[in-house]
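Participant: no sequence for this one, just the structure:
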């Protein structure tokens, strides 16, 4: 299966990250290398890339797509949360640019063994890095072994699904009779759980549950919250962080972190005099998130939900 991932907001990434000759980039979700290729063209002749991705096919596609930069790139199949270890392992010294595109590739959506799409009948795996990178907790394991309360929490908190309680209850009911093993079985369970009118809304009735399980399996929000302060610590003064998110849960985490680190006092309003001693370390380069142009949305519909936030380290 060929690897396909059109880089979204590419012009905006170049505008706000503003890569300069000699600057080094870590791309924690390098994919096929679309964003990294454009940045490497700006950071030549000496700027280097440490590209990280959990998907083995993405790494191989990236290696081919960036072959003309082969002496300037290091590619690692791993989780971006481990970037500090990979940075040290590869003697990757100054970090000037850090980029994350948190979207799912077309290849991953189409992968029938991955099971993150409700449009195909696939095993319920959802581990974007396979067992080697992501670990042993698949979507199937969550659905068949987690308590009803825990399944409800995942669907409610990670999917913002209004019928989470009904869906969790039906999952537990069905699994008493038969192990839930395929995406089709899960879609049928969701269909049996939600009101009829909900099945004819703007988005597919299974979207939020599938999103929630994928986020839980891959610890997507937990990893994002953990990595942001580490990026800030590792980055050179003057370095820029750029993150593209595709749903409100991710964007909220990035927005909150950038907001906190771009102001001095973070005491609550109930404290009349600052006692925290916090110093702002970031300057916001995007006051509001950059969004795709109408032209890009027509060319690439998945760009409609993309939001780019960029900040610069000042101390």
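Facilitator: Happy to help now that I have it. Being a predicted model, the structure only gives us computed values, none of them experimental.
Participant: got a list of what the residue nearest to the spatial centre of the chain touches?
Facilitator: The geometric centre of the chain, computed from its C-alpha atoms, lies nearest to residue 102 (Cα atoms, centre = their mean), at 2.6 Å. Contacts of residue 102 were listed using Cβ atoms under 8 Å, 6 or more residues apart in numbering, and they are 29, 220, 224, 243, 244, 245, 246, 250. The C-beta positions use only the backbone N, C-alpha and C, and glycine is treated the same way.
Participant: what's the answer for residue 39, then?
Facilitator: 13, 14, 17, 19, 25, 27, 47, 49, 97, 99.
Participant: for residue 283, state which of the residues you listed is nearest.
Facilitator: residue 17 (13.5 Å; Cβ to Cβ).
Participant: Provide the secondary structure category for residue 63.
Facilitator: helix (DSSP: H, G, I helix; E, B strand; the rest coil).
Participant: so, low pLDDT: which residues of this structure?
Facilitator: Applying pLDDT under 70 to the chain flags residues 1-5.
Participant: can you give the domain ranges for it?
Facilitator: 10-107+237-313, 118-218 (automatic domain parsing).
Participant: make TSV from the ones you listed and add distance to residue 231 to it.
Facilitator: Below are those laid out as TSV (distance: least, Cβ to Cβ, whole Å):
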stretch	distance to residue 231
domain 10-107+237-313	5
domain 118-218	19
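Participant: I'd like the contacts of residue 39 written out as CSV, with secondary structure, distance to residue 263 and neighbour count added.
Facilitator: Formatted as CSV, those follow (DSSP: H, G, I helix; E, B strand; the rest coil; distance: Cβ to Cβ, whole Å; neighbours: other Cβ atoms under 10 Å):
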residue, secondary structure, distance to residue 263, neighbour count
13, helix, 25, 24
14, helix, 27, 16
17, helix, 22, 26
19, coil, 27, 23
25, strand, 27, 29
27, strand, 28, 28
47, coil, 31, 21
49, strand, 32, 26
97, strand, 23, 27
99, strand, 24, 26
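Participant: out of these, flag the one nearest to residue 284.
Facilitator: residue 17 (13.5 Å).
Participant: and the closest one, what does it touch?
Facilitator: 39, 97, 99, 240, 242, 310.
Participant: repeat the analysis, applying 10 Å as the threshold.
Facilitator: Counting by Cβ atoms under 10 Å, 6 or more residues apart in numbering, residue 17 makes contact with 23, 25, 35, 38-39, 42, 96-99, 239-242, 285, 308, 310, 312.
Participant: residue 156 too?
Facilitator: 162, 163, 164, 165, 167, 168, 208, 212.
Participant: try 7 Å
Facilitator: residue 164 (Cβ atoms under 7 Å, 6 or more residues apart in numbering).
Participant: does it lie in a helix or a strand, and which?
Facilitator: If you go by DSSP states H and E, residue 156 is part of helix 148-159.
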